[in-house]
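Enquirer: got a sequence here, can you model it:
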Amino acid sequence: MSTVAWKENGIPRTAFWRSENAAPAPTGIVVITDDISADKALRIAQRGRSLLWRGDFQNARQLMRALDRRLEKRASRSPQSTDPGEVFLANRKARAQRAAILGKILIPLEADYTVRLRRAPDAREACAHAYGQPVDRPDESSDSVGVETLVSLPELLGVISAYEWHSKGLEVAALGTRIHPAHGVFAPTRDEYIDLVADAPWPQGIDHPVVWDIGTGTGVLAAVLARRGALEVVATDIKPRAVQCARDNVTRLGLADRVAVVRADLWPNDDEAGHAGRADQARDTEAGDTDAGVSGRADVVVCNPPWIPGRPTSALEQGIYDPDSDVLHRFLSGLADHLTPQGEGWLILSDLAEHLGLRTRDQLLDRIDAAGLIVVGTRETTPRHSRAADSADPLHEARSKERTILWRLGRG
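Expert: You can find the predicted model right below:
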């Protein structure tokens, strides 16, 4: 972590700076309390200075909401295009600007993650979940580095909210139980795609397939596929936190004997997964009828990549935005080499990007064809998230047309 410095009551102070989104360390820190007005705070933040809060915690939340309302009102006065793509880009830019301003509000954490402010919540367990267990630091003097760590208020509220989700879990109808997302791991709040996977038929002639779940996140699809009767599921994710989250979930569901979760960029790594040998043994026992597991191939390869071309601005947005559709393109280009002869790739993709003019259906089909794949069939559903019915959403027209599609792809 980097360090920051400022003066408080004429005394030089230093602290650690923490940001899960790799935001730059704050500069020009101004100490503020409950008596500051929202208009004055906004003027300070717009000059690029940061606001270190020393007042009542709930008042800090009120201030953040007041700033957000002002920024949203100003954005609404800007001329609105009728082109969906331009509306999307303008909306993204406005959201990024609002996030940058709101992120100027800083909250001090003590070494054990205590928030020593009036009416502050006990965030110690939530912070330990997100940041790791606190490490004892030497207290060399009252104003030494390490006495405090500064975090932005939006990040701290996100950490607390994520921990509540992790503790309570999210009900998944296809599993009949809850999945517990970890901080920074994309949560299955949009669950229509889960039903698509739960209901899609296995490839013809394969009753108990070896399945790979690429980019598993919480492990929800891996669990659904295992419950459906997959002989074995290998789930991959590039993020260590997601790998641990998925392992915890499949263990909690009693599926650890059939679901292996490994860290990999897309395709399972034989060295780490050890899945090929396990699949071979299972096939021998089961008298399997394909060569799944023998040569680094699977009967079903499932991938639910980020569905909007664009650059993510946070860890959670990495599950939505994919620069230049890199993950989608790499999945398609490598899929044929990882399928058994009868195998299928199940690509789960929202078509929102098409309605925003960011990708065309023909471009997707051309990519599929260029990868040596054919479309065996499709299944689609209407998103059930709240924004689809929100007429006040600037992107309502595009969202109202959105469909989530499961593309069943085979080798050409």
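
Enquirer: residues contacting residue 352?
Expert: For residue 352, the contact set (CB atoms under 8 Å, 6 or more residues apart in numbering) comprises 307-308, 398-399, 402. Backbone N, C-alpha and C define where each C-beta goes, glycine included.

Enquirer: I'd like the residues you listed laid out as JSON lines, including neighbour count, pLDDT and distance to residue 184.
Expert: JSON lines is the format used below for the contacts of residue 352 (neighbours: other CB atoms under 10 Å; pLDDT from 0 to 100; distance: CB to CB, whole Å):
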{"residue": "307", "neighbour count": "25", "pLDDT": "91", "distance to residue 184": "19"}
{"residue": "308", "neighbour count": "18", "pLDDT": "93", "distance to residue 184": "19"}
{"residue": "398", "neighbour count": "21", "pLDDT": "87", "distance to residue 184": "28"}
{"residue": "399", "neighbour count": "20", "pLDDT": "86", "distance to residue 184": "25"}
{"residue": "402", "neighbour count": "20", "pLDDT": "93", "distance to residue 184": "25"}
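
Enquirer: could you pull out the helices in the stretch 301-412 of the chain for me?
Expert: 326-335, 352-355, 361-370, 396-401 (DSSP state H, counting those that start in this stretch).

Enquirer: which of the residues in the shortest one are buried?
Expert: The one in question is helix 352-355. By neighbour count on 16 or more other CB atoms under 10 Å, the buried set for helix 352-355 is 352-355.

Enquirer: which among those gets closest to residue 79?
Expert: residue 355 (21.6 Å; CB to CB).

Enquirer: residues contacting the closest residue in space to that closest one that isn't next to it in sequence?
Expert: Ranked by CB to CB, 6 or more residues apart in numbering and with sequence neighbours excluded, the top spatial neighbour of residue 355 is residue 398, at 3.9 Å. By CB under 8 Å, 6+ apart, residue 398 lies in contact with 84, 88, 352, 355-356.

Enquirer: between these, which is nearest residue 244?
Expert: Taking those together and measuring to residue 244 by CB to CB, the closest member is residue 352, at 30.0 Å.

Enquirer: distance of the closest one from residue 134?
Expert: Going from residue 352 to residue 134 by CB to CB, to the nearest Å gives 41 Å.

Enquirer: just residue 57 next, same as before
Expert: The gap separating residue 57 from residue 134 is 19 Å, by CB to CB.

Enquirer: between those two, which has more neighbouring residues?
Expert: Ranked by neighbour count (other CB atoms under 10 Å), residue 57 and residue 134 place residue 57 first, with 19 against 16.

Enquirer: what about residue 267, how many neighbours?
Expert: Neighbours of residue 267 (other CB under 10 Å): 20.

Enquirer: that one against residue 235, yeah?
Expert: No: Residue 267 is beyond contact range of residue 235, at 12.0 Å (criterion: CB atoms under 8 Å).

Enquirer: what's the overlap in contacts for those two?
Expert: By CB under 8 Å, 6+ apart, the residues touching both residue 267 and residue 235 are residue 212.

Enquirer: residue 224 and residue 194 touch, don't they?
Expert: Yes: applying CB under 8 Å, one finds residue 224 in contact with residue 194, separated by 6.2 Å.

Enquirer: contacting residues for residue 303?
Expert: 213-215, 266, 331, 345-348.

Enquirer: would you mind giving those as JSON lines with pLDDT added?
Expert: Formatted as JSON lines, the contacts of residue 303 follow (pLDDT from 0 to 100):
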{"residue": "213", "pLDDT": "98"}
{"residue": "214", "pLDDT": "98"}
{"residue": "215", "pLDDT": "96"}
{"residue": "266", "pLDDT": "94"}
{"residue": "331", "pLDDT": "97"}
{"residue": "345", "pLDDT": "98"}
{"residue": "346", "pLDDT": "98"}
{"residue": "347", "pLDDT": "98"}
{"residue": "348", "pLDDT": "97"}
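
Enquirer: who wins on neighbours among those?
Expert: Highest count within the contacts of residue 303 by other CB under 10 Å belongs to residue 213, 32 neighbours.

Enquirer: what helix or strand does that residue sit in?
Expert: strand 210-214 (DSSP states H and E).

Enquirer: indicate each strand paired with that strand and its parallel or antiparallel sense.
Expert: Paired neighbours of strand 210-214 in the sheet (DSSP bridges): strand 232-237 (parallel), strand 298-303 (parallel).

Enquirer: tell me the most buried of the ones you listed?
Expert: strand 232-237 (a mean of 29; mean count of other CB atoms under 10 Å).

Enquirer: what is the mean pLDDT for it?
Expert: Mean pLDDT, strand 232-237: 97.

Enquirer: just checking, next helix/strand downstream of that strand?
Expert: helix 240-252.

Enquirer: check the offset of that next one from the chain's centre.
Expert: Computed by CA atoms, centre = their mean, to the nearest Å, the chain-centroid distance of helix 240-252 equals 14 Å.

Enquirer: alpha carbons of it, as CSV, please.
Expert: C-alpha atoms of helix 240-252 as CSV (Å, rounded to 0.1, in the frame of the first residue of the first chain):
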residue,chain,number,x,y,z
PRO,A,240,-7.4,-16.1,-6.8
ARG,A,241,-10.3,-14.7,-4.8
ALA,A,242,-12.9,-16.2,-7.2
VAL,A,243,-11.1,-19.5,-7.1
GLN,A,244,-11.3,-19.6,-3.3
CYS,A,245,-14.9,-18.4,-3.3
ALA,A,246,-15.9,-21.2,-5.8
ARG,A,247,-14.1,-23.8,-3.7
ASP,A,248,-15.9,-22.7,-0.6
ASN,A,249,-19.3,-22.8,-2.3
VAL,A,250,-18.8,-26.3,-3.9
THR,A,251,-17.5,-27.6,-0.5
ARG,A,252,-20.5,-26.1,1.3
